[in-house]
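Chemist: predicted model and sequence below, questions to follow.
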Amino acid sequence: MPSRPCGSTNLDERAPRIWIFAGLDPTGHAGLLADVRTLESLGAEARGIATALTWQTDAQFGGLEPTPARVVGETARFFGTEGPPDAIKVGMLGDVENLSILADIVASSPRIPVVVDPVLGASSGGSFLDLAGRRRLLAWVVRTPQVVLTPNWPELSTLARRAIRDVAGASGALASLGLHNVVLKGGHAPAPVAGTDHVWVDGKLTEIRSARRIAHTKRGTGCRFASALAVFLARGDSLPEAAGRAKRLVETYLLDGDAGRTPA
């Protein structure tokens, strides 16, 4: 996958510009608002494209209204007047029409890293994509090798349409799905590998172990991880390097609530 996007000039002398496609969570604990805070804490410039409005709290999901694809497209075209992004981070897309808009944008910039957090539902309940939408998302990811997918174990099971219970099963699922670049997050992993992330590149799975044992979780960790990963990839890190730094950022967030204070 590309380590530095085409069209980026003097990136070492300026902040990377990251486009975010994500839903608006009114609590600010996840989604677009959490993404923006994470990017700013890492010195990146955020350009947020709201793909849906949601009404939810940390305890309950009420519903969502997708942003019309026309509005998503116009927003992206407007941001494009200042130049291409250095990376793209994708969360909830709202509907398959917005996926089509995203696919066209990515196809026009084949060297830009794209990080896709496959947000299939809210942690407080509620589904974001139906089966047909999941299939279309997966098909697009498979045919777009610049995409890095960042599922947790339940999300991988959903995409594979079978229960994934161990590392061997995860490797088999990633291979059978035809995925190119994946960071399988370990926060919801089975006990033997709980907390350990796995990076899948070129058909090989490598471990990134947690530096600290953390027994609790918070909403929005997946958003923050994917946003940080996009920044580090934009700056030229390899996928394993970027994943390790993003993992340390999330661990810091879990311990003290500050996603910006990290040795990354």
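Modeler: Sure thing, it's come through.

Chemist: any weak-confidence spans in the stretch 51-200 of the chain?
Modeler: Of all residues in the stretch 51-200 of the chain, those with pLDDT under 70 make up the ranges 121-127, 191.

Chemist: all helices of it, in order?
Modeler: Under the criterion DSSP state H, counting those that start in this stretch, helices of the stretch 51-200 of the chain are mapped to 69-80, 96-107, 131-142, 153-160, 167-177.

Chemist: can you say which of those is packed in most?
Modeler: Highest mean neighbour count among the helices of the stretch 51-200 of the chain (mean count of other CB atoms under 10 Å): helix 153-160, with a mean of 20. All C-beta spots, glycine's among them, are computed from the backbone N, C-alpha and C.

Chemist: quick one on the thing from earlier: can you lay out the helices of the stretch 51-200 of the chain as a markdown table showing distance to Gln60?
Modeler: Converted to a markdown table, those look like this (distance: least, CB to CB, whole Å):
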| stretch | distance to Gln60 |
| --- | --- |
| helix 69-80 | 27 |
| helix 96-107 | 24 |
| helix 131-142 | 23 |
| helix 153-160 | 19 |
| helix 167-177 | 31 |
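
Chemist: any idea which of these gets closest to Leu205?
Modeler: Proximity to Leu205 (CB to CB) singles out helix 167-177 among the helices of the stretch 51-200 of the chain, at 5.2 Å.

Chemist: what packs against that closest one?
Modeler: helix 153-160, strand 181-184, strand 197-201, strand 204-208 (3 or more CB pairs under 8 Å, 6 or more residues apart in numbering; DSSP states H and E).

Chemist: let's go with 10 Å and repeat that
Modeler: Applying 3 or more CB pairs under 10 Å, 6 or more residues apart in numbering; DSSP states H and E, we find helix 167-177 packed against helix 131-142, helix 153-160, strand 181-184, strand 197-201, strand 204-208.

Chemist: would you mind getting the angle between the first one and helix 167-177?
Modeler: Translated: helix 131-142. 90 degrees (axes from the mean of the first three to the mean of the last three CA atoms, to 10 degrees).

Chemist: chain center to helix 131-142: distance?
Modeler: Relative to its chain's centre, helix 131-142 lies at 15 Å (CA atoms, centre = their mean, to the nearest Å).

Chemist: hmm, who's touching that helix?
Modeler: With CB atoms under 10 Å, 6 or more residues apart in numbering as the contact definition, helix 131-142 has outside contacts at 90, 93-96, 99-100, 102-103, 106-107, 114, 116, 118, 120, 127-130, 147-149, 155, 158-161, 177-182.
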